[in-house]
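Engineer: here are the coordinates; sequence isn't available:
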Ligand code: AHG
Ligand code: MN
Ligand code: MN
């Protein structure tokens, strides 16, 4: 049932916004609202720590590897602890999927939501004071509460998300999320300790002139991707690639553009993770009027087969994603 939207003014605090829009959820018991508040709170703690990076010893490698065999940074681990703790203590989540943990965690509680999270996105930018992010997806548990979590609770298609969002730790810190009724952006006001509505009802321009792809890997792109990149150059598009997915996505959401992490000769499914990177941003992109595919298929329709599976990712302005697909 599509409920009518209540327009709230810019400057509305996140808590009030969530409360006012609670009626939009199919099961308006307040649990999903609390979950969003828990995530917002953990992000404020992470934000505080990120802001101190450089002053205290939280930069650099941890000396361990994550689920994908990549070097964990100290802040990856710290952010994972902050979000895990907030979501575990909150009691609304029954299971957690994280980039930083090999298998999912069954919290053995009465919680009714499953969360997938990339606690810190853009690890290579931590040490150099460049924007980084957090990405989260929220699903309803499908098996009965009170029993062990099952694969069907975990491996849900992106289309089943009930909410998704990201936090961008940038020149200002922002939380952007959707519950399937449009996309709203909140800017963190650090002196108040509050996220306030700054970008109501966000929409992505239908067309754009910015393309974001790591061209350093161009030699291993498919002929189709190579020709699309050449097309962008022929059209005099602007190239912008930060290397933090959240930041690249956010810029394109506001200004119009396309982000591509394609399959490469080395990585047949690209690099990005379906469950805690692509699904959330695909949901937001679609809610903002954009598009997200793996080059052929809608991201939200992909049925995950494993927790950390990867997918090629094309996301952004609708017309640009369609053009890229046509190659
Ligand atoms: P993470 O830091 O969570 O491992 O994610 C890094 C991802 C993504 O943020 C970014 O767009 C991409 O890796 C950059 O990869 P390349 O360096 O291969 O371009
Ligand atoms: Mn990431
Ligand atoms: Mn990460």
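Structural biologist: Noted; the coordinates are in hand. Model, not experiment: these values are computed from the prediction. Ligands and ions are numbered 1, 2, ... in the order given.

Engineer: State the number of residues packed around residue 128.
Structural biologist: Here the number of neighbours of residue 128 (other C-beta atoms under 10 Å) works out to 8. (Glycine included, C-beta is placed from N, CA and C.)

Engineer: List the buried residues of stretch 317-326.
Structural biologist: By neighbour count on 16 or more other C-beta atoms under 10 Å, the buried set for stretch 317-326 is 317, 318, 319, 320, 321, 323, 324, 325.

Engineer: Excluding chain neighbours, what is closest to the fourth one?
Structural biologist: Excluding the flanking residues, the one nearest residue 320 by C-beta to C-beta, 6 or more residues apart in numbering is residue 258, at 4.0 Å.

Engineer: can you count the residues close to the one you found?
Structural biologist: For residue 258, the neighbour count with other C-beta under 10 Å is 28.

Engineer: Same check on residue 124?
Structural biologist: Counted with other C-beta under 10 Å, residue 124 comes out at 14.

Engineer: now it: how far from ligand 1?
Structural biologist: Computed as C-beta to the nearest ligand atom, to the nearest Å, the residue 124 to ligand 1 distance reads 6 Å.

Engineer: Return the residues in contact with the residue nearest to residue 320.
Structural biologist: Counting by C-beta atoms under 8 Å, 6 or more residues apart in numbering, residue 258 makes contact with 208, 210, 211, 212, 252, 314, 315, 316, 317, 320, 321, 324.

Engineer: Now the last one: which helix or strand?
Structural biologist: In this structure, residue 324 is located in helix 318-326 according to DSSP states H and E.

Engineer: That helix - contacts with which helices or strands?
Structural biologist: For helix 318-326, the packing partners by 3 or more C-beta pairs under 8 Å, 6 or more residues apart in numbering; DSSP states H and E come out as helix 223-234, strand 258-261, strand 291-293, strand 313-316.

Engineer: Please list which of the buried residues of stretch 317-326 are also close to ligand 2.
Structural biologist: By C-beta under 5 Å from the ion, no member of these lies near ligand 2.

Engineer: Just give me the closest of these to ligand 3.
Structural biologist: residue 321 (23.8 Å; C-beta to the ion).

Engineer: Return the per-residue confidence for the residue in the stretch 151-300 of the chain that ligand 2 sits nearest to.
Structural biologist: The stretch 151-300 of the chain approaches ligand 2 most closely through residue 277 (5.1 Å), counting by C-beta to the ion. Per-residue confidence (pLDDT) for residue 277: 98.

Engineer: Touching, it and residue 133? I think so.
Structural biologist: No - at 9.9 Å, residue 277 and residue 133 do not qualify as touching, with contact defined as C-beta atoms under 8 Å.
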